[in-house]
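Undergrad: sequence first, then the predicted structure:
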Amino acid sequence: MTSSLHSAGISRRRFLKATLSAALVLSFPGIVRSRPVPADRERSLSFYNLHTGEHLKTTFWADGRYLPSGLSDIDFLMRDFRTGAVRGIDPRLLELLFIVRRHLESSEPIQLISGYRSPETNAMLRRRSRGVARHSLHIEGQAADIRIPGMRLDTLRNVALSLGGGGVGYYPHLDFVHVDTGRVRQWWGR
């Protein structure tokens, strides 16, 4: 098997990485579901909120269950920074972000541009820009606009697209990628 992998130009590491990614994808219909892959004893994320200057590194899942304290910390960090409103962030979004970061082999914190948005904030942004959806998944706590330091934006977009976990918007002129847990779709932002 190894010789056929090498003849196909695939290293063992790349093969194992692809196998792990495939196992994760197959473990999550539409990439994510209500509980994480059992093989992971712990799932953590680290963030830097660009608007508030807050840093967070927290474990949101361990030993087969979501951790309320980790989820609560993430909910607060991803709050609507304009109004201070907090909403529960969809755990499927956290799973998706975890898998993206793992796939990219990055230890850098996810830079958060936008997480939860209150309906008031979304309406205000919609008045300013045609690119804001009337009922954005940000309102439901199911979307995040992100970037990762040291990672090319198109690489981040391509990984998110390859996972098929929901919507992926590419905003190179604004320097972020939108990911959500809605239906699988993609767009290029204005």
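TA: Cool, got the structure.

Undergrad: helices along the chain, start to end?
TA: Under the criterion DSSP state H, the chain carries helices at the ranges 2-7, 12-27, 68-77, 91-104, 119-128, 153-163.

Undergrad: where in this structure is pLDDT low?
TA: For the chain, residues meeting the criterion pLDDT under 70 lie at 1-39, 190.

Undergrad: measure the residue nearest to the spatial centre of it to T181 for me?
TA: Per Cα atoms, centre = their mean, the C-alpha nearest to the average position across the chain is that of L97, at 2.9 Å. L97 is 10 Å from T181, where distance means Cβ to Cβ, to the nearest Å. Bear in mind the C-beta positions are built from the backbone N, C-alpha and C, glycine included.

Undergrad: over to I74?
TA: Applying Cβ to Cβ, the value for I74 to T181 is 14 Å.

Undergrad: nearest spatial neighbour of D175, chain-adjacent residues omitted?
TA: The shortest distance from D175 to any non-neighbouring residue, by Cβ to Cβ, 6 or more residues apart in numbering, is to R147 (6.0 Å).

Undergrad: which residues sit in contact with T59?
TA: Going by Cβ atoms under 8 Å, 6 or more residues apart in numbering, T59 touches 42-44, 67, 70.

Undergrad: in strands, which of the residues you listed fall?
TA: 42-44 (DSSP state E).

Undergrad: now those as TSV including neighbour count and distance to R92?
TA: Below are these laid out as TSV (neighbours: other Cβ atoms under 10 Å; distance: Cβ to Cβ, whole Å):
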residue	neighbour count	distance to R92
E42	11	18
R43	22	12
S44	14	17
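
Undergrad: of the residues you listed, closest to A133?
TA: When those are ranked by distance to A133 (Cβ to Cβ), R43 comes first, at 28.6 Å.

Undergrad: give the bridge partners for the closest one, please.
TA: Note on R43: beta-bridge partners by DSSP bridges are W61.

Undergrad: hang on, it packs against I99?
TA: No - the criterion here is Cβ atoms under 8 Å, and R43 misses it with I99 at 9.3 Å.

Undergrad: burial count for Q186?
TA: A total of 13 residues lie near Q186 under the criterion other Cβ atoms under 10 Å.

Undergrad: ok, R157 next?
TA: R157 has 21 nearby residues by other Cβ under 10 Å.

Undergrad: and the one 3 residues further on, by the same measure?
TA: Neighbours of A160 under the rule other Cβ under 10 Å: 28.

Undergrad: how about it: what's its closest non-neighbour residue?
TA: In space, and not counting its chain neighbours, A160 is closest to V168: 4.6 Å by Cβ to Cβ, 6+ apart.

Undergrad: wait, G189 sits on R130?
TA: No - in this structure, G189 is not within contact of R130 by Cβ under 8 Å, at 10.7 Å.

Undergrad: out of those two, which sits in the more crowded spot?
TA: Neighbours were tallied for G189 and for R130 using other Cβ under 10 Å; the higher tally belongs to G189 (15 against 7).
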